[in-house]
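A.B. asks: fold the stuff below for me.
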Amino acid sequence: MVKSKGKAVFKNEDDERLVAKAQEGDLFSFDHLVKKYQKKIYFLAYRMMKNHDAADDIAQETFINVYSSIKSFKPGYSFYSWLYRICMNLSINHLKRQKFVIPESQFEEEASPLEKETTTEDPLSLLVQKERERKIEQAIDSLPPKYKAVFILKVYEDLSYEEIAQTLKISLGTVMSRLFRARERLQKLLKDMVLEK
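C.D. replies: Here you go, the predicted structure:
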């Protein structure tokens, strides 16, 4: 198993065993893979789509695609990265077709990295924090899909540059370039939002 930041990332022996059995037609093994990753895939899709129904559709479509093409999956590669790549590609394609980002509805099931930092109970501080988070989410949602995908995988999924490159099937340089441009755009958008007030 290859470790990254204390967790197995590139190669997971349990996944390899389950994938091998699923490739032989073992539905129980495939079901185990779905249960293992369905929540992560849903939240990844939700971060891209900002809509529960759309995220649910993308997650389901991801696993349908995985099921129909699992026999072509090559042993020795990361199932996790392959799964994320399928989900991200479906999300990006959906956003390109829509040409807009669906507005975010109320979502309290999983805290954002910013929400996790909130330690104060002061109502005014909480209100200021929520407003700050709303502006950041609004700025992230306005990024072009290719920049948004890289940013979400880095910030929310905590993937390394190499893992993002493998997941999206792009070069390391492209990952760094898109991440730089995403951060640059976010800084400008957030600065403009502050000046608008």
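
A.B. asks: the longest helix along the chain packs against which elements?
C.D. replies: Longest helix in the chain, counting residues (DSSP state H): helix 172-196. For helix 172-196, the packing partners by 3 or more Cβ pairs under 8 Å, 6 or more residues apart in numbering; DSSP states H and E come out as helix 123-141, helix 145-155, helix 161-168. Where C-beta positions appear, they are placed from N, C-alpha and C, glycine not excepted.

A.B. asks: which residues are contacting it?
C.D. replies: With contact meaning Cβ atoms under 8 Å, 6 or more residues apart in numbering, helix 172-196 is reached by 135-136, 138-140, 142-143, 146-148, 150-151, 154, 161-162, 164-165, 168, 170.

A.B. asks: how does it look with 7 Å?
C.D. replies: The set of residues external to helix 172-196 that reach it, using Cβ atoms under 7 Å, 6 or more residues apart in numbering, is 135-136, 139-140, 142-143, 146-147, 150-151, 154, 161-162, 164-165.

A.B. asks: quick one, which of those residues are buried?
C.D. replies: If you count burial by 16 or more other Cβ atoms under 10 Å, the buried members of the contacts of helix 172-196 come out as I136, A139, I140, L143, K146, Y147, V150, F151, K154, I164, A165.

A.B. asks: which residues of the protein score low on pLDDT?
C.D. replies: Residue ranges of the chain with pLDDT under 70: 1-13, 99-121, 192-197.

A.B. asks: of all residues in it, which one is nearest the centre?
C.D. replies: L44 (3.3 Å; Cα atoms, centre = their mean).
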